[in-house]
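# okay, here's the prediction I keep looking at, along with the sequence it came from:
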Amino acid sequence: MNIVARLLLAVTLLSVNNIAQTKNFEQGLNGIKVPQVLAHKDRAEPINQMLKHRLDELLPQLMAESGLDMWLVINREYGEDALFYTLVPEPTFAARRTTLLVFVRNEEAVERFSVSRYPIAGFYESRWQGGTGQQQWQRLAEIIKDYDPQKIGINVSEEWAVADGLSQGLYSTLMSNLPKEYQKRVVSSEELVIRWFETRTEPEKEVYPQIVAIARGVIGEAFSSKVITPGVTTDKDVAWYIRERFEELGVKPWFQPYVTVQRKGDQNEPDSPFFGRADRVIMPGDIIHTDVGLCYLKLCTDTQEMGYVAKFGEYDVPKGLKQALAQGNHWQDILTAQFKTGRTGNEILKATQTVAKKQKLNSSTYTHPLGFVGHAVGPTIGMWDNQGPTPIKGDRKLYPNTAYAIEGNVKVKLPEWDNQLVQIMLEQSALFDGEKVIYLAGRQTEWHFIR
């Protein structure tokens, strides 16, 4: 049984109801149950299988691409490099004392081991038998001399936070224990770290849709009469329902969910980046919007969806709102059509804006990568406060098998509100496979309708 098959077996519980629900994803998630979530003790096996696949299959490819012969990931207890947690199995809660992870590239694979007092069984056996801190660094220096690498990567970067996890103190200690000959061979591992963070493997692609479906399912619950009583429920009540539901499921929100309300008669400046207000009691006829993000099985999501609260005697969403959401979906299609391997984020943004302008679509694009963290590394495609080129991060090229939050908005005149501008804010988690963009759990094409 291959790794993907084993993972599919391991996450069977996640798939309850999902096959039957897949056809409904395009119609929103009102009334669709949240996929079942694995208990914490049952998560370790699929997480560790995915990690082993990454280390065995992906890392050799990325080290070869980056040209590194050796990669050092150096951590101290209570001050771990964020990258550390993407490299170690469950349950690993912290580095022990000083944990030195070493990766060495050869013609066939990547050797991995630690030079630490405590080995990480099955993943990083230790090549040091213990002793003083100074002896630990001396042992690392001996190993480096034995392998004689020409390029030694360490995690330092001026622009990318996830590639800048080596502390100044540990850097100084490393350099002081290396002979001058090897000090000259130390380089930034920035490119390797970015590619490690942004690349999604086949096993991860198998489970990611289930993770995104949790977020979409909880939004479907929150944007329903189960949670919202017009004239009573506030936007904050709905936001806290989402937060508490995530806690109940045992998944981790990476930011506090929030809900905003648009209402007929609101005075919105056309150039304002965002419409909608908080601290409101939700009333019949309101447009509601939420933004949520969760992490589960070490992968993160980011989702924004829209809802409408029916007025008395109203049994369907107003026609103008249906057309407005359709414009939002059209903006998504324009954006995702620009995804081409090798294009930069800035190039994708410009191409999207060119098409949208020709079609007189009042849109704004601010799409970012997803993965081990919510605001992940990779090409930035616009920012909400900068619709021009983004230096450095926007110049990053697009690679296959990378995930993105397809995020942005359109502003549309709503006939039912005397042509008042409303804003359709959408965000869905998706994967670029090298040929096309695939929504990991569908996308919202119909309104959440609160009767």
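Cool, the structure landed.

# ok, and for stretch 108-124, which residues are buried?
For stretch 108-124, burial by neighbour count (16 or more other Cβ atoms under 10 Å) applies to 110, 112-117, 119-120, 123-124. For the C-beta atoms, the positions are set from N, CA and C on the backbone; glycine is no exception.

# what do you get for stretch 208-218?
Buried, per 16+ other Cβ under 10 Å, within stretch 208-218: 208-218.

# tabulate these (TSV), appending distance to L83 and secondary structure.
Converted to TSV, the buried residues of stretch 208-218 look like this (distance: Cβ to Cβ, whole Å; DSSP: H, G, I helix; E, B strand; the rest coil):
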residue	distance to L83	secondary structure
Y208	20	helix
P209	26	helix
Q210	25	helix
I211	21	helix
V212	24	helix
A213	28	helix
I214	25	helix
A215	25	helix
R216	29	helix
G217	31	helix
V218	29	helix
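
# what part of this structure, helix or strand, is modelled with the least confidence?
In the chain, the helix or strand scored least confidently by mean pLDDT, DSSP states H and E is helix 18-22, which has a mean of 34.

# helix or strand right after it?
helix 40-53 (DSSP states H and E).

# let me see the domain layout of the chain.
Following automatic domain parsing, one finds the domains of the chain at 3-37+202-450, 69-188.

# which of these sits most buried?
domain 3-37+202-450 (a mean of 19; mean count of other Cβ atoms under 10 Å).

# chain center to that domain: distance?
13 Å (Cα atoms, centre = their mean, to the nearest Å).

# what are the ranges of the strands in the stretch 251-400 of the chain?
Applying DSSP state E, counting those that start in this stretch to the stretch 251-400 of the chain gives strands spanning 252-253, 258-262, 287-292, 294-296, 299-300, 303-309, 363-365, 368-370.

# what would those strands look like in CSV with mean pLDDT and distance to R43?
Formatted as CSV, the strands of the stretch 251-400 of the chain follow (pLDDT from 0 to 100; distance: least, Cβ to Cβ, whole Å):
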stretch, mean pLDDT, distance to R43
strand 252-253, 96, 12
strand 258-262, 98, 27
strand 287-292, 98, 20
strand 294-296, 98, 8
strand 299-300, 98, 12
strand 303-309, 98, 21
strand 363-365, 98, 35
strand 368-370, 98, 19
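
# nearest to K393, of those?
Of all these, strand 368-370 sits nearest to K393, with 9.0 Å by Cβ to Cβ.

# list the helices and strands the helix or strand following that closest one packs on?
As assigned by DSSP H and E, the chain's next helix or strand after strand 368-370 is strand 402-414. Helices and strands touching strand 402-414, by 3 or more Cβ pairs under 8 Å, 6 or more residues apart in numbering; DSSP states H and E, are helix 319-336, strand 363-365, strand 368-370, strand 420-432, strand 437-439.

# show me what the first one is packed up against.
Spelled out, it's helix 319-336. strand 303-309, helix 345-358, strand 363-365, strand 402-414, strand 420-432.

# among these, which comes closest to R443?
Comparing the helices and strands packed on helix 319-336 by Cβ to Cβ, strand 420-432 comes nearest, at 4.4 Å.

# excluding sequence neighbours, find me the nearest residue to R200.
Distances taken as Cβ to Cβ, 6 or more residues apart in numbering place N401 nearest to R200, at 5.0 Å, with adjacent residues excluded.

# what does D69 give?
Excluding its sequence neighbours, the residue lying closest to D69 (Cβ to Cβ, 6+ apart) is P149, at 3.6 Å.

# please verify my assumption that that neighbour contacts M70.
Yes - in this structure P149 lies within contact range of M70 using Cβ atoms under 8 Å: 3.8 Å.
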